[in-house]
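[1] just a sequence and a predicted model for now, questions to come.
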Amino acid sequence: LAFMVLGLIISRPALVFIGTKPEVLDKAVLYMRIICLGIPASAVYNFGAGVIRSTGDSKTSLTILSVSGIINVLLNLVFVIVFKMDAAGVAIATVASQVISAVLVIRALALREDCCHLNIKEVRITPSIDVHDFNTKVNQTVKFLKSGDKVKVTVRFRGRELHHTQLGMDLLTKFAEAIA
């Protein structure tokens, strides 16, 4: 995320420094900023593909990269020819293909049965959860964590609860303290 933020901040100064022509500077800045938004997805793909390749399976990461490359080309055509976009369309296509490659590599890791298996459990809570259910969710989360699983805790708001997001933050804090 730090590289993404840095890229967003220094896009214009970096392009001016390297002598980008003034007539294309604004489009180049826009392109570079959109591309920087894809840095986290690219990092996820690179990390996941590295993990997969470390097991001797280079075919899976190559397949994912090939699929995302084809998607990138097709999206370039759609954004530039169909939607008449310029550099921004090409950048959006690139970021979309990076996100797809990240999703595919996470899926590949989740489907593995070996040491690289990625298992994410989800626990859902609501701001109106009662004490017994809260304690049950805490105990289940502790059990997941002890077995080596990753856990994602989601607060689900319904109706009027949406106006009281601080309740959700307080609940997450209480939940984190309970599992610590």
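    Cool, got the structure.

[2] contacts, neighbours, all on C-alpha from now
    Fine.

[3] low-confidence ranges in this structure?
    115-119 (pLDDT under 70).

[4] just give me the neighbour total for D86.
    14 (other CA atoms under 10 Å).

[5] nearest spatial neighbour of it, skipping sequence neighbours?
    V80 (6.0 Å; CA to CA, 6 or more residues apart in numbering).

[6] what about the strands in this structure?
    Secondary structure of the chain (DSSP state E): strands at 120-125, 150-155.

[7] Throw those strands into a markdown table and include mean neighbour count and distance to M4, thanks.
    Below are the strands of the chain laid out as a markdown table (neighbours: other CA atoms under 10 Å; distance: least, CA to CA, whole Å):
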| stretch | mean neighbour count | distance to M4 |
| --- | --- | --- |
| strand 120-125 | 14 | 25 |
| strand 150-155 | 14 | 24 |
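
[8] hmm, back to that, residue contacts, the residue nearest to D86?
    Applying CA atoms under 8 Å, 6 or more residues apart in numbering to V80 gives the contacts D86, G89, V90.

[9] do you know how far the residue nearest the centre of the chain is from M4?
    By CA atoms, centre = their mean, the chain has its centre lying nearest to A41, at 5.4 Å. As judged by CA to CA, to the nearest Å, A41 and M4 stand 10 Å apart.

[10] do the same with S101
    S101 is 18 Å from M4, where distance means CA to CA.

[11] between those two, who's got more neighbours?
    S101 (28 against 16).

[12] roughly how far apart are that one and N46?
    To N46, S101 is 9 Å away according to CA to CA.

[13] swap in T136?
    For T136, the distance to N46 - CA to CA - is 37 Å.

[14] next one: F79
    Distance, F79 to N46, using CA to CA: 26 Å.

[15] and G168, by the same measure?
    Counting by CA to CA, the gap from G168 to N46 is 34 Å.

[16] the more surrounded of those two?
    Each of G168 and N46 has its neighbours counted (other CA under 10 Å); G168 has more, 20 against 17.

[17] contacts for stretch 15-33 next, please.
    Contacts for stretch 15-33 (CA under 8 Å, 6+ apart): G7, L8, S11, R12, A87, A88, V90, A91.

[18] no more questions from me, cheers.
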